[in-house]
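Participant: Fold the following and give me the result.
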Amino acid sequence: MADIVKMPKMSDTMTEGVMAKWHKKVGDKVKSGDVLAEVETDKATMDLESYWDGTLLFVGVEEGKAVPVDAVIAVIGKEGEDYKAALEAEGGATTAAAPKAEEAPKEETKAPAQGGGLSEEELSKKGVTVIRMPLLSDTMTEGVIAEWHKKVGDKVKDDDVLADVETDKATMEVMGYATGTLLHIGVNKGEAAKVNGIIAIVGPEGTDISAILAQGDAPAKTTSAAAAESPKAEVTQEEAKPQVVANANTGRIIASPLAKKIAKEKGIDLAQVAGSADGGRIIKKDIENFKPAATPQADSQKSESPKEKAAPAIPQFVGEEKFSERPVTQMRKAISRRLSESLFTAPHFYVTMSIDMDQAIAARTKMNEYAPVKISFNDLVLKAVAIALKQHPAINSSFLGDTIRTNEHVHIGVAVAVDEGLLVPVIRFADGKSLSHISAEVKEYAQKAKSKKLQPAEMEGSTFTISNLGMFGVDEFTAIINTPNACILAVSGIAQVPVVKNGAVVPGNVMKVTLSCDHRVVDGATGAAFLQTLKALLEEPVRLLV
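Facilitator: Predicted structure coming up:
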């Protein structure tokens with residue numbers, strides 16, 4: 001029976017994927033572990049590997065085209081096998097989805113009858129267990145298979161870990177709780193499955209599971225003829241291209257994850273490396289053998305010299321208008337959608353205040369002489385915000401449609417920048433914790449965020465959020481509210497500026513903070529009163545200890 005390859009879902013915000021590069025073409029032999037293609041998701045460009053041996057019978061999407069998540073993108077099976085039945089079982093797709101040039105040569109044979117096996121309920125009585133995608137957090141709708149620890153045909157015990165599943169925020173282990181042989185893997189590494197979708201089947205060796213596979217677990221999927229068309233002439237031209245790495249003009253660098261990691265460690269620009277693998281893909285040995293070349297001089301310099309004229313001598317410069325375009329990535333689409341929902345749903349207004357940080361700087365220096373962990377300015381701000389929120393509960397609220405929830409507890413989200421975007425771990429009951437406790441907890445969460453080990457529970461339940469760009473020397477900025485919070489505080493850097501004290505102009509250390517407020521919950525006077533309290537706490541930091 002032919003195996004269906006579907007467009008994977010790599011995050012909870014991804015709705016489609018772009019086929020960046022095919023490494024195999026119809027008719028090629030495929031082995032388990034071979035890289036079939038590279039898929040651009042909203043997070044990264046990832047390799048799509050095969051988990052089956054056979055022949056690539058069908059390709060359903062051209063390079064550079066976007067297709068919906070769970071759409072059929074390829075079929076792998078025996079050479080000459082009629083794969084139409086497998087496509088129809090996956091939602092009615094037929095061979096009309098691709099031109100004849102994209103079909104593998106095959107003999108006139110009929111596919112075995114499908115659906116002749118027992119139902120899932122009947123199979124369960126015979127010791128067959130269907131492993132489904134578990135619900136690992138209250139916000140999870142899909143899970144991505146990060147790694148399979150078993151392959152089809154392996155013996156499985158009920159306490160074996162079958163796979164690692166990446167949720168929207170963390171990677172967790174999934175156990176099968178079944179004993180037998182792994183009969184089927186329904187989701188490839190790197191692909192996504194909806195919660196309660198079939199990801200594997202375990203049972204006695206040789207059991208017929210065709211009925212379950214024919215029934216499926218996802219909505220009907222179709223592959224349009226336009227998305228599958230790839231004229232033979234274009235395929236020939238692609239094969240004739242020299243295998244070199246894509247440069248900055250193409251907007252995409254094709255390289256293996258290991259090659260990217262080594263290049264980053266060595267400080268090598270991948271745009272200067274020629275790839276030796278299929279399609280110009282950069283691999284480990286290309287990075288190890290790379291030798292920097294001298295930067296060529298631009299040919300345009302020949303036309304840049306001024307023309308000599310008798311009088312007056314007016315220099316002339318001949319330039320070339322150039323630009324490059326790149327498609328919007330899935331990640332940027334997700335970010336734009338999420339922030340637009342917040343900004344255009346919650347009416348924002350902003351209140352900015354300058355804070356004299358002279359006393360805070362002196363207090364922090366003294367505290368760090370005795371503190372078990374180094375206290376940062378961000379820790380001081382977080383503690384001051386927590387105390388101020390207790391005095392101004394309207395700021396610590398949420399708009400819930402028909403009701404406004406005023407939180408009596410203080411859970412502060414701290415925005416942490418990572419390579420893929422932004423994560424917001426939550427410091428719970430921040431008003432009752434010491435500065436040392438807050439400092440240690442923030443450092444721990446920041447490390448977890450950067451190593452992708454934050455658990456969903458550690459990023460849920462915030463009542464207020466702080467976004468700090470002070471470490472980048474930012475003078476002032478505004479932040480978009482992290483809904484359902486009513487407010488978010490944008491913290492800028494501490495700048496040395498002239499200030500007036502006791503009628504004299506003296507050097508001072510000033511930090512600007514901007515409070516973004518949801519006007520459905522908070523009024524201007526309320527936001528200003530909160531900032532006044534925050535300002536008083538930071539300008540007299542001894543009050544943080546009372």
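Participant: The protein: helices as residue ranges?
Facilitator: 84-89, 120-125, 210-215, 225-228, 232-240, 257-266, 284-288, 330-345, 358-367, 377-391, 435-450, 524-539 (DSSP state H).
Participant: how near is T139 to A170?
Facilitator: 11 Å (C-beta to C-beta, to the nearest Å). Heads up, the C-betas are built off the backbone N, CA and C, glycines and all.
Participant: Mean neighbour count, the helices of the chain: which tops it?
Facilitator: Stretch with highest mean neighbour count among these: helix 377-391 (a mean of 22; mean count of other C-beta atoms under 10 Å).
Participant: Pass me the low-pLDDT residue ranges in the stretch 251-400 of the chain, would you?
Facilitator: Filtered on pLDDT under 70, the stretch 251-400 of the chain yields the residue ranges 251-252, 257, 278-279, 293-310, 329-332, 334-335.
Participant: Of T139 and A170, give the one with the bigger neighbour count.
Facilitator: More neighbours surround A170 than the other of T139 and A170, with 19 against 13 (other C-beta atoms under 10 Å).
Participant: hang on, the earlier thing: can you lay out the helices of the chain as TSV showing distance to R428?
Facilitator: As requested, those are arranged in TSV below (distance: least, C-beta to C-beta, whole Å):
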stretch	distance to R428
helix 84-89	48
helix 120-125	42
helix 210-215	43
helix 225-228	47
helix 232-240	54
helix 257-266	35
helix 284-288	43
helix 330-345	23
helix 358-367	23
helix 377-391	11
helix 435-450	9
helix 524-539	20
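Participant: Can you check which of those gets nearest to E458?
Facilitator: Distance to E458, taken as C-beta to C-beta, is lowest for helix 435-450 among the helices of the chain, at 6.6 Å.
Participant: Which strands or helices does the closest one pack on?
Facilitator: helix 377-391, strand 411-414, strand 416-418, strand 426-428 (3 or more C-beta pairs under 8 Å, 6 or more residues apart in numbering; DSSP states H and E).
Participant: That one - what's its average pLDDT?
Facilitator: The average of the pLDDT scores along helix 435-450 is 93.
Participant: show me the contacts for the closest residue to S276 other than its chain neighbours.
Facilitator: The shortest distance from S276 to any non-neighbouring residue, by C-beta to C-beta, 6 or more residues apart in numbering, is to D286 (5.5 Å). For D286, the contacting residues are 259, 273-277, by C-beta atoms under 8 Å, 6 or more residues apart in numbering.
Participant: Who wins on neighbours among the residues you listed?
Facilitator: Neighbour max across the contacts of D286 (other C-beta under 10 Å) = A259, 25 neighbours.
Participant: How much space separates that residue from E38?
Facilitator: Going from A259 to E38 by C-beta to C-beta gives 13 Å.
Participant: cool, P372 as well?
Facilitator: For P372 relative to E38 (C-beta to C-beta), the value is 47 Å.
Participant: And those two? Which one has more around it.
Facilitator: Under the criterion of other C-beta under 10 Å, the comparison of P372 against E38 puts E38 first, with 22 against 9.
Participant: give me the beta-bridge partners of the more buried one?
Facilitator: K21, D47 (DSSP bridges).
Participant: Pull the contacting residues for K29.
Facilitator: 54-55.
Participant: Just grab the bridge partners of it for me.
Facilitator: T55.
Participant: Save the helices and strands packed on helix 435-450 as TSV, and put in distance to D28 too.
Facilitator: Shown next, in TSV, are these (distance: least, C-beta to C-beta, whole Å):
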stretch	distance to D28
helix 377-391	54
strand 411-414	49
strand 416-418	37
strand 426-428	49
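Participant: For D34, find the nearest of those.
Facilitator: Using C-beta to C-beta, those put strand 416-418 closest to D34, at 30.8 Å.
Participant: Quick check: neighbours of the closest one in the sheet, parallel or antiparallel?
Facilitator: Looking at strand 416-418 with DSSP bridges, what it pairs with is strand 421-423 (antiparallel).
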